[in-house]
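Structure of the sequence below:
(chains A, B, C, D, E and F)
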Number of protein chains: 4
Amino acid sequence: MTRVTQAHIDARTQDILGAAKRLFARKGVDGTTMQEIAADAGLSAGAVYRYYESKDDLLRAVFEDCSEQHRALFEEKAAVSPSPMEALTDIGRSAWSQLKGDGFRDEVILELETALAAARHPDELGPAHRETLDHVVEMLGRLIRDAQAAGQIEAGVDGQALALTLLACYLGSGILALDGQDTDVLVESLLHMVNKLAPVAGRNGGR
Amino acid sequence: MTRVTQAHIDARTQDILGAAKRLFARKGVDGTTMQEIAADAGLSAGAVYRYYESKDDLLRAVFEDCSEQHRALFEEKAAVSPSPMEALTDIGRSAWSQLKGDGFRDEVILELETALAAARHPDELGPAHRETLDHVVEMLGRLIRDAQAAGQIEAGVDGQALALTLLACYLGSGILALDGQDTDVLVESLLHMVNKLAPVAGRNGGR
Amino acid sequence: MTRVTQAHIDARTQDILGAAKRLFARKGVDGTTMQEIAADAGLSAGAVYRYYESKDDLLRAVFEDCSEQHRALFEEKAAVSPSPMEALTDIGRSAWSQLKGDGFRDEVILELETALAAARHPDELGPAHRETLDHVVEMLGRLIRDAQAAGQIEAGVDGQALALTLLACYLGSGILALDGQDTDVLVESLLHMVNKLAPVAGRNGGR
Amino acid sequence: MTRVTQAHIDARTQDILGAAKRLFARKGVDGTTMQEIAADAGLSAGAVYRYYESKDDLLRAVFEDCSEQHRALFEEKAAVSPSPMEALTDIGRSAWSQLKGDGFRDEVILELETALAAARHPDELGPAHRETLDHVVEMLGRLIRDAQAAGQIEAGVDGQALALTLLACYLGSGILALDGQDTDVLVESLLHMVNKLAPVAGRNGGR
DNA sequence: TATGAATGAGCGTTCATTCAT
DNA sequence: AATGAATGAACGCTCATTCAT
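Below you'll find the predicted structure:
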């Protein structure tokens, strides 16, 4: 009998989540009050608790959303490219270009917060965080193995290790980007190195 | 001729700083009370304020100390090696091996906290953080240029970009290490790639 | 000719009152939310306010209902018995037997709550509470005087005082029953004493 | 090295306990804020938490103190009297006379609150409350048995039941006293009945 | 210099009550 | 008449900081 639709509830939930992400990123989790989140979401203090049980619960939702975003970022590009190496290149360029986007600064900060929280609460948040990272590594690893099968990367290369390296580079780039460093040149440098991993014969190509 | 020597004061100051680093890393800055820091340092709550004006002041000192450590980590190894490439390799191996050390977990966490704090307070903490990173990049860049001069790395490589890449990789490895990922294979993979940057003639050897 | 009949309204009012009594008794007045009462009565949060102006208003109704119950408890039995002494005995046994009934636990608790509320708000709730007690005392007093007139209790006994004593004993038994004490032996002990109040001649019978 | 003695700490603890008892009794537990308790005890809001972990903890202490008081009330008089019957009489008169004392009103209210709390939280508070009551019953039972041995009360009387009856009467008198009823005549009425329990021969004297 | 009791502002959270639908 | 989302004041509690000793 209520006029309030599920869509409305979902919208509010997203409003709050968005406000929380924005504020947690900019002022820190402890530096953000529930009042502020509510106000930012256009609600009164108490109303937030209809949608999230507690600040902790909200924080968990933010972390989850964050992981989802990161997972999606790498997922999308994986399928479309014609060759594995091109896919790798595309993913790299697109991932790094996001780093410069205005809205992405908050995502990076939240990824760091997530990592910290996971490190401090290994039992509650650790598994989820690790799973997210594992997922990305796995996807990259698969791409690398494909590239090896296609003769675009030396067979001797440890695909898992390389995947980890690329991920580490991406995460670290986030930190550097936060600091205002120019990370555009960084991805080119990285891609250059990856290209050098092509088998010599293959690189020399059609001679 | 006070009874209290400067040495005593310095020792106390270090006690407090150490306690703060340990606790900030493990429980978070806001999750740590001044009481706890004092207790951990063997002092009463009020005594801390003789050494640090405020919690913020103490936090600043922790960040500074942290930066100092990172700077030193890369500095040491730079001088001793016979060839630039070997120096690079040494630095990489030693930096990454530290990541596995038990006590280093705290350092990594604090580095992330520092990065976050710098991102949130660009005016107060940003410059110091950026300077620390710049310092490392500069040092690595110098080494790379030396390696290029010595014919160990292609002349065409952008030294600055490569330095950034290596640093990003190191920072990201910290996050992965926090998560329990094996970062030993990572550094080998990275060094392998760097080695591939040697000029073709050089790599092809005596032909 | 509204669709909503008075019967419907009354039923709702009773639903709410019942829910409030149950919950107030079990969780305390402050420990019970209007939401809970509404839910227990099968209504939404806001609907309660159509029947009771406020929580305080509802509480007042609960107290009143409670007093009514107590009054009725003693009233019923008073009329039917053939002799005053038997009436007294009947009332005692029936009152005490109720104490053991499962549903009566809540009534006892609410009686205590009423007493407390009356003590704390002598002006608003005091008179009503006192009147209820007075009513019972008066009824018992009348019975006792009847018993004296019938030679079943010494003429010298202060009827008012004895009535108070019996009431006190009943109220106290509620507290003991709440604690799980066996109050069955209690009433027998009390009745035994009351019987001893018979005039010596009467007790000795025809001598 | 502190100037603050244990005596000072104890005094504060008592201040707070006293304030809590007073306020809990007069305004109810939920109607009393920690602020008020602190203010009444001459402290700031936060200071209370040095002495009591939480409001619940403080409430527990109030209940305990209350039980202690009740226990002591019956204990004292038990020893001094020459004959068991006289002891019983003394205890009765002294217990009831306290009921009229100004400061005792609060104690009675708190006893009711304790009973309610025990009824609602049987696992946490129930045992302690029951123990207190048992203690009093036991003491009265012993006195009654002594009186029986001394020929002052019929051997046929169930001592335990009589003890319970006396206690119930006392507890109920508290409620009546709260209501402003005159409980002085009540105790006399009760003692009169107890005296009637003397063996007939004894009461009739040597004949 | 060191202590630790005290302060008090501020936070997360609850819930009686309102009101648009 | 009924709903239930929203309000917002108020509470219990924490903790950085101060200061008498």
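
Packing partners of the top helix by length along chain A?
Secondary structure assigned by DSSP state H gives helix A:55-80 as the longest helix of chain A. Applying 3 or more CB pairs under 8 Å, 6 or more residues apart in numbering or on different chains; DSSP states H and E, we find helix A:55-80 packed against helix A:6-27, helix A:84-100, helix A:104-120, helix A:126-149. The C-beta positions use only the backbone N, C-alpha and C, and glycine is treated the same way.

Tell me if it is near DNA strand F.
No: applying CB under 7 Å from any atom of the strand, one finds helix A:55-80 out of contact with DNA strand F, separated by at least 11.8 Å.

Which part of chain A gets nearest to chain D, residue-wise?
residue A:54 (18.7 Å; CB to the nearest CB).

in chain A, which ranges drop under the pLDDT threshold?
By pLDDT under 70, the low-scoring segments of chain A are A:1-4, A:76-80, A:201-207.

Now it against DNA strand F: closest residue?
residue A:46 (1.7 Å; CB to the nearest atom of the strand).

Now for residue A:19: which residues touch it?
A:36, A:37, A:38, A:40, A:41 (CB atoms under 8 Å, 6 or more residues apart in numbering or on different chains).

let's go with 10 Å and repeat that
For residue A:19, the contact set (CB atoms under 10 Å, 6 or more residues apart in numbering or on different chains) comprises A:32, A:36, A:37, A:38, A:39, A:40, A:41, A:42, A:43, A:48, A:58.

mind giving me TSV with those and columns for neighbour count?
As requested, the contacts of residue A:19 are arranged in TSV below (neighbours: other CB atoms under 10 Å in any protein chain shown):
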residue	neighbour count
A:32	21
A:36	16
A:37	25
A:38	20
A:39	15
A:40	16
A:41	22
A:42	11
A:43	17
A:48	24
A:58	24
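
now, of the helices and strands packed on helix A:55-80, which is deepest in the fold?
helix A:104-120 (a mean of 21; mean count of other CB atoms under 10 Å in any protein chain shown).

rewinding a little: of the contacts of residue A:19, which belong to strands?
Among the contacts of residue A:19, no member falls in strands (DSSP state E).

got a list of what the residue nearest to residue A:67 when sequence neighbours are not counted touches?
Spatial nearest neighbour of residue A:67, excluding adjacent residues (CB to CB, 6 or more residues apart in numbering or on different chains): residue A:132 at 4.2 Å. With contact taken as CB under 10 Å, 6+ apart, residue A:132 is in contact with A:63, A:64, A:66, A:67, A:68, A:69, A:70, A:71, A:111, A:114, A:118, B:179.

any idea how far residue A:110 is from residue A:64?
Distance from residue A:110 to residue A:64, counting by CB to CB, to the nearest Å: 11 Å.

ditto for residue A:12
Note on residue A:12: its distance to residue A:64, by CB to CB, is 18 Å.

Next: residue A:127.
Residue A:127 is 12 Å from residue A:64, where distance means CB to CB.

now do residue A:98
Per CB to CB, residue A:98 is found 19 Å from residue A:64.

Can you flag the buried ones in the contacts of residue A:132?
Among the contacts of residue A:132, the ones that count as buried by 16 or more other CB atoms under 10 Å in any protein chain shown are A:63, A:66, A:67, A:69, A:70, A:71, A:111, A:114, A:118, B:179.

Which member of those is positioned nearest DNA strand E?
residue A:63 (15.6 Å).

Report the spatially nearest residue to that closest one, omitting neighbours in sequence.
Per CB to CB, 6+ apart, closest to residue A:63 is residue A:114, 4.9 Å.

Now tabulate the contacts of residue A:19 in a markdown table and tack on distance to residue C:151.
Formatted as a markdown table, the contacts of residue A:19 follow (distance: CB to CB, whole Å):
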| residue | distance to residue C:151 |
| --- | --- |
| A:32 | 83 |
| A:36 | 82 |
| A:37 | 81 |
| A:38 | 77 |
| A:39 | 81 |
| A:40 | 85 |
| A:41 | 82 |
| A:42 | 82 |
| A:43 | 77 |
| A:48 | 75 |
| A:58 | 79 |
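
just those that are near DNA strand E?
residue A:32.

Sitting in helices, which of the contacts of residue A:19 do you find?
Among those, DSSP H puts A:36, A:37, A:38, A:39, A:40, A:58 in helices.

Take those residues and write them to a markdown table, including distance to residue B:184.
Listed next are the ones in helices among the contacts of residue A:19 as a markdown table, based on distance: CB to CB, whole Å:
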| residue | distance to residue B:184 |
| --- | --- |
| A:36 | 43 |
| A:37 | 42 |
| A:38 | 47 |
| A:39 | 48 |
| A:40 | 44 |
| A:58 | 37 |
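
For those residues, work out which two are farthest apart.
Comparing every pair within those by CB to CB identifies A:39 and A:58 as the most remote, at 14.4 Å.

got a list of what the residue of chain A closest to DNA strand F touches?
A:34, A:38.

which residues touch residue A:146?
Residue A:146 makes contact with A:83, A:84, A:85, A:87, A:88, A:152, A:153, A:159 under the criterion CB under 10 Å, 6+ apart.

what does residue A:43 give?
Per CB under 10 Å, 6+ apart, neighbours of residue A:43: A:12, A:15, A:16, A:19, A:37, A:50, A:51.

Using the record's assignment, carve chain A into domains.
Annotated domains of chain A cover A:1-53, A:56-203 [automatic domain parsing].

wait, which of these is closest to residue D:186?
domain A:1-53 (50.3 Å).

And that closest one, how far out from the chain middle?
Domain A:1-53 has its C-alpha centroid displaced from the chain centroid by 23 Å (CA atoms, centre = their mean, to the nearest Å).

hang on, the earlier thing: of the contacts of residue A:19, closest to residue B:171?
Of the contacts of residue A:19, the one sitting nearest to residue B:171 (CB to CB) turns out to be residue A:32, at 25.3 Å.

quick one: the nearest residue to the closest one once chain neighbours are set aside and residue A:29, what's the gap?
Once flanking residues are discounted, residue A:32 sits nearest to residue A:23: 4.2 Å by CB to CB, 6+ apart. Distance of residue A:23 to residue A:29, given as CB to CB: 9 Å.

Can you work out which residues contact both of these two?
By CB under 10 Å, 6+ apart, the residues touching both residue A:23 and residue A:29 are residue A:62.

can you redo the contacts of residue A:146 as TSV with distance to residue C:106?
Converted to TSV, the contacts of residue A:146 look like this (distance: CB to CB, whole Å):
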residue	distance to residue C:106
A:83	76
A:84	73
A:85	76
A:87	70
A:88	71
A:152	78
A:153	77
A:159	70
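
on that earlier part again, of all the buried ones among the contacts of residue A:132, which comes closest to residue B:8?
Nearest to residue B:8 among the buried ones among the contacts of residue A:132, counting by CB to CB, is residue A:118 at 40.1 Å.

who's in contact with the nearest residue to the closest one once chain neighbours are set aside?
Leaving out its chain neighbours, the residue that sits closest to residue A:118 by CB to CB, 6+ apart is residue A:129, at 3.6 Å. Applying CB under 10 Å, 6+ apart, we find residue A:129 in contact with A:63, A:66-67, A:111, A:114-119, A:121-122, B:175, B:178-179.

And residue A:185, by the same measure?
A:96, B:158, B:160, B:161, B:162, B:164, B:165.

wait, what's in contact with the fifth one?
The one in question is residue B:162. Here residue B:162 is in contact with A:185-186, A:189-190, A:192-193, B:88, B:137, B:140-141, B:143-145, B:147-148, B:153, B:194, B:197 (CB under 10 Å, 6+ apart).

Okay, the residue positioned nearest the centre of chain A and residue B:97: tell me how far apart.
The centre of chain A sits closest to residue A:70, judged by CA atoms, centre = their mean, with a distance of 2.5 Å. Separation of residue A:70 from residue B:97 (CB to CB): 28 Å.

about what we covered before: ok, the residue nearest to residue A:32 touching residue A:59?
No: checked against CB atoms under 10 Å, the pair residue A:23 and residue A:59 is beyond contact range at 11.3 Å.
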